[in-house]
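[1] return a 3D structure for these sequence lines:
(4 chains)
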Number of protein chains: 2
Amino acid sequence: MTAKGAGAVPKGTTQAAATGGGQPTIISIAERAGVSIASVSRVLNGIGARPATVDKVERAAAELGYVPNAVARSLKDGRTRQLTFAMPDIGNPVYVAMVRAIQSVAKAAGYRLLLHSTDAVAEDELAVLHSLGDRTSDGLILCPIRITDAHVDALRSASGPVVVIGSLPSGVPVDSVRADSVEGVALAVRHLYETGRRRIAFVNGPADTVPGHKRGEGFRKALADCGLVYDPELVVHTDFGIESGAAAAESLLDLKPDAVFGANDQLALGAARALHARGLRIPEDVAVAGMDDSVLAQAGWPPLTSVDLGSTERGRRAAELLLQRLDTPEAPGSTSENPTPRTTTAPPRLVVRASTGRAASDS
Amino acid sequence: MTAKGAGAVPKGTTQAAATGGGQPTIISIAERAGVSIASVSRVLNGIGARPATVDKVERAAAELGYVPNAVARSLKDGRTRQLTFAMPDIGNPVYVAMVRAIQSVAKAAGYRLLLHSTDAVAEDELAVLHSLGDRTSDGLILCPIRITDAHVDALRSASGPVVVIGSLPSGVPVDSVRADSVEGVALAVRHLYETGRRRIAFVNGPADTVPGHKRGEGFRKALADCGLVYDPELVVHTDFGIESGAAAAESLLDLKPDAVFGANDQLALGAARALHARGLRIPEDVAVAGMDDSVLAQAGWPPLTSVDLGSTERGRRAAELLLQRLDTPEAPGSTSENPTPRTTTAPPRLVVRASTGRAASDS
DNA sequence: GCAACATCCGTAAACGTTTTCAGAAGCGGG
DNA sequence: CCCGCTTCTGAAAACGTTTACGGATGTTGC
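    Numbers count the residues shown, from 1 in each chain, chains lettered A, B, ... in the order given. Okay, the predicted model is just below:
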């Protein structure tokens, strides 16, 4: 039986490839087992075949160490079983949490994860969106730092399913998962208020990013809810990052706040460093709180109270939304006109640690 | 001109696909421009063509919003322009640093990065190695936590280029990039010695991992070099992780060490936490040092002295090695017999911060 | 022992590219 | 005006799969 396949060698080139050095293919197996490639495919995919055939094929496949070529399969059935996640910077613990969650969901569903760092440059984000058309991955999770009109256009004309992590202008027909920054900030401010703080300084990120803007707004609102007055002097904008946090806090400390709230764990840790450097005690003299509840929050001393904005949860949900879209082939009527976008919001959660214990003056 | 393509509609199905909802293909363009698909391909790839043809094709492509199908291209020319990086856990800052470096090199060379979390389970690592055969990516960077015989076998029979980050038994024909843990530990111990410490405790990771073993060995050797005696009581093995570090340090503190060295920043930070909890001052009463110089080292207070084992550097070199292999098609003679493996070692670097200032007793 | 039927198998087309190979067109020289 | 040359173009094969279709084979019932 093998004699036929191995001996005869009919047509030229394909045979050469099969016999030669390259990876074994379905064709090599067919030859070795003395059956047609269709039968090989069927056996390998568990479609019915006579036991004898199954046996021959499986034996041949095992002997050759056959592994199906995923590219060919992708071409045939129009899906790659790959997902793309594009975010600004994988160095940021928040995005790491997302990657982790997404990877885990994707893996469970049999998808591979393609990672793309945009370095927070808009053109790069647009390029990713555009490159969805090359069919390299079946869907995209995009985490933009800002949303421009160009983004909206690109999202509208995206040639595949996209889920955005972040806030989207209404009317854009794209699924999204957002954090509730405003409520998150409120949780922290309320907590600081309840532990006796009345002069709360705020080290915020850049004002022209979505998170920066939202958190600033939330801070104002939260103060009002607690009946505290908003003192613009106690608020400063800077880059996200420990050094920036330290520098910013340095300038704020002259104003004698009894709490410093960072829009970010990095900023909060920077503030903590500035406090330590001045010999101020945390939390006795000044309380410190951050946001994101990243791995950094537990690294410092004292451990940092932080608001978990649900990075992991957002990553998980985004991946699930995307997978759902992939399972539902398409709204039949319009090509991509009206996919009825779904939006979900991950609830924030306050994680209290030692950095916001009672104030010395409050006992 | 367009009339011919748009109006005539000769053959059946392919035309349907082109006219229908799907993505535009080279065929749609050919029809619209009234030329053959070969010409389209040539124009799009910048191979010579008559100006008139170029113009027609480019116009049609632009009008249709054509994006080449990467899968089809991959199938044709046998490469995907994707790299895979497999590591135990993306939650660990060390691997984040590697991902970042690899991603950056890959991106610059026009490769996409496929991420794979193995959760440190060996079967998963083997599966990744095996799945190299599916041609999903052109090469693999593997960062295993342990190397078993099965690993060695799988590496030998890998069906594509692999670079291992970590130490490999000699004789395995695979490129690798390693850290010099022994010298790294020595740097830290010597530094502690020079700042006056004589009773140095060591919180190590699991003994049965490669890093754990190497670092333990290095510690012993380093003590000897400094003329200190090795006291097994001052060494403890535990899991990598802050909590573990705190617990382990807790038990060591009764032995009154004047320094605690963590095999990891997490372990060192855990130790720092235990010290703070006991009211001991860092570095006056006890010095603390860690390894990896991850982002965590700068997060705590006081900032942590740490040995940079070159995660970023290792990631970068691994990616470069892999890309070189990809550029050099194959050693002509043997199929994959003797690829003359290349090994490089990233030098460690001591980063001194406040956690190892002079001892109080030493001034 | 034969008809009817179910089962299994092989041929060939298709997925969207790139590339080889001839043939067609253009062009200059005689 | 025709020949030879160069440049450009189109038909077709190939990459490795999956799958529709019809023909071959095997089984059952009479």
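[2] with adjacent residues omitted, what lies nearest to the spatially most central residue of chain A?
    Closest residue to the average C-alpha location of chain A: A:M98 at 3.6 Å, with CA atoms, centre = their mean. Distances taken as CB to CB, 6 or more residues apart in numbering or on different chains put A:G315 closest to A:M98, at 3.5 Å, once the chain neighbours are dropped. Backbone N, C-alpha and C define where each C-beta goes, glycine included.
[3] would you agree the one you found is in contact with A:V96?
    No: judged on CB atoms under 8 Å, A:G315 makes no contact with A:V96 at a distance of 9.7 Å.
[4] neighbour count winner among these two?
    Shown here are A:G315 and A:V96; by other CB atoms under 10 Å in any protein chain shown, A:G315 has more neighbours (29 against 25).
[5] what helix or strand does that one sit in?
    Per DSSP states H and E, A:G315 falls inside helix A:311-327.
[6] repeat that for A:P341.
    Counting by DSSP H and E, A:P341 is found in no helix or strand.
[7] separation between it and B:L192?
    Per CB to CB, to the nearest Å, A:P341 is found 58 Å from B:L192.
[8] same question for A:A263.
    A:A263 sits 37 Å away from B:L192, going by CB to CB.
[9] of these two, give the one with the bigger neighbour count.
    Neighbours around A:A263 and B:L192, counted as other CB under 10 Å, are more numerous at A:A263. The numbers are 31 against 27.
[10] per-residue confidence for A:R178?
    Looking at A:R178, its pLDDT is 95.
[11] separation between it and DNA strand D?
    Plainly put, A:R178 is 38 Å away from DNA strand D if you go by CB to the nearest atom of the strand, to the nearest Å.
[12] mind listing the residues bridging to that residue?
    Counting by DSSP bridges, A:R178 forms beta bridges with A:T345.
[13] for it, what are its contacts?
    A:165-168, A:314, A:343-346 (CB atoms under 8 Å, 6 or more residues apart in numbering or on different chains).
[14] let's see 7 Å
    Contacts for A:R178 (CB atoms under 7 Å, 6 or more residues apart in numbering or on different chains) come out as A:166-167, A:343, A:345.
[15] for the stretch 201-350 of chain A, just list every one of the strands.
    Along the stretch 201-350 of chain A, the segments classed as strands by DSSP state E, counting those that start in this stretch run A:235-237, A:259-262, A:287-291, A:305-308, A:343-346, A:349-351.
[16] could you dump those into TSV with mean pLDDT added?
    Shown next, in TSV, are those (pLDDT from 0 to 100):
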stretch	mean pLDDT
strand A:235-237	96
strand A:259-262	97
strand A:287-291	97
strand A:305-308	98
strand A:343-346	97
strand A:349-351	98
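[17] which one of those strands lies closest to DNA strand D?
    strand A:343-346 (33.2 Å; CB to the nearest atom of the strand).
[18] A:E284: how many residues sit nearby?
    There are 14 residues near A:E284, going by other CB under 10 Å.
[19] got a list of what the nearest residue to A:L304 once chain neighbours are set aside touches?
    Residue nearest to A:L304 in three dimensions, not counting chain neighbours: A:A297, with 4.1 Å by CB to CB, 6+ apart. With contact taken as CB under 7 Å, 6+ apart, A:A297 is in contact with A:265, A:290, A:303-304, A:306, A:353.
[20] how much space separates A:A297 from DNA strand C?
    As for A:A297, its distance to DNA strand C is 48 Å (criterion: CB to the nearest atom of the strand).
[21] excluding chain neighbours, what is closest to A:L64?
    Distances taken as CB to CB, 6+ apart place A:P24 nearest to A:L64, at 3.9 Å, with adjacent residues excluded.
[22] the one you found belongs to a strand, doesn't it?
    No: counting by DSSP: H, G, I helix; E, B strand; the rest coil, A:P24 falls outside a strand, being coil.
[23] and it, how far from B:L155?
    Distance, A:P24 to B:L155, using CB to CB: 20 Å.
[24] of these two, which one has the most company?
    Neighbours were counted for A:P24 and for B:L155 using other CB under 10 Å; B:L155 has more, 23 against 19.
[25] please, which helix or strand holds that one?
    Taking DSSP H and E as the definition, B:L155 sits inside helix B:149-156.
[26] tell me the helix or strand right after that helix.
    Immediately after helix B:149-156, counting by DSSP H and E, sits strand B:162-165.
[27] thinking again about what came up before, let me have the strands of the stretch 201-350 of chain A in CSV, extended by distance to B:S117 and mean neighbour count.
    Converted to CSV, the strands of the stretch 201-350 of chain A look like this (distance: least, CB to CB, whole Å; neighbours: other CB atoms under 10 Å in any protein chain shown):
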stretch, distance to B:S117, mean neighbour count
strand A:235-237, 36, 18
strand A:259-262, 29, 31
strand A:287-291, 26, 30
strand A:305-308, 22, 26
strand A:343-346, 22, 16
strand A:349-351, 25, 16
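[28] would you turn those into JSON lines with distance to DNA strand D?
    Compiled in JSON lines, the strands of the stretch 201-350 of chain A are given as follows (distance: least, CB to the nearest atom of the strand, whole Å):
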{"stretch": "strand A:235-237", "distance to DNA strand D": "54"}
{"stretch": "strand A:259-262", "distance to DNA strand D": "52"}
{"stretch": "strand A:287-291", "distance to DNA strand D": "47"}
{"stretch": "strand A:305-308", "distance to DNA strand D": "43"}
{"stretch": "strand A:343-346", "distance to DNA strand D": "33"}
{"stretch": "strand A:349-351", "distance to DNA strand D": "45"}
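[29] any idea which of those gets closest to DNA strand C?
    Closest approach to DNA strand C among the strands of the stretch 201-350 of chain A (CB to the nearest atom of the strand): strand A:343-346, 31.7 Å.
[30] neighbouring contacts of that closest one?
    The contact list for strand A:343-346, computed with CB under 7 Å, 6+ apart, reads A:176-180, A:310, A:313-314, A:317.
[31] closest one of the residues you listed to DNA strand D?
    Among the contacts of strand A:343-346, A:R317 lies closest to DNA strand D (CB to the nearest atom of the strand), at 30.6 Å.
[32] how about that closest one: what's its closest non-neighbour residue?
    A:R317 sits nearest to A:V177 (CB to CB, 6+ apart), 4.9 Å away.
[33] low-confidence ranges, chain A, go.
    A:1-21, A:329-339, A:360-363 (pLDDT under 70).
[34] what residues does it put near chain B?
    With the criterion set to CB under 7 Å from any CB of the partner chain, chain A comes near chain B through A:21, A:23, A:67-72, A:74-75, A:80, A:90-91, A:96, A:99-100, A:103, A:112-115, A:117, A:133-136, A:159, A:242, A:269, A:272-273, A:276, A:296, A:298-301, A:335.
[35] can we see that at 6 Å?
    Residues of chain A that fall close to chain B, judged by CB under 6 Å from any CB of the partner chain: A:21, A:67, A:69-72, A:74-75, A:90-91, A:96, A:99-100, A:103, A:112-115, A:117, A:133-136, A:242, A:269, A:276, A:296, A:298-301, A:335.
[36] can you flag the buried ones in the residues you listed?
    A:67, A:69-72, A:74-75, A:90, A:96, A:99-100, A:103, A:112-115, A:117, A:133-136, A:242, A:269, A:276, A:296, A:298-301 (16 or more other CB atoms under 10 Å in any protein chain shown).
[37] show me those residues that map onto helices.
    Using DSSP state H, A:70-72, A:74-75, A:96, A:99-100, A:103, A:242, A:269, A:276 are the members of those that sit in helices.
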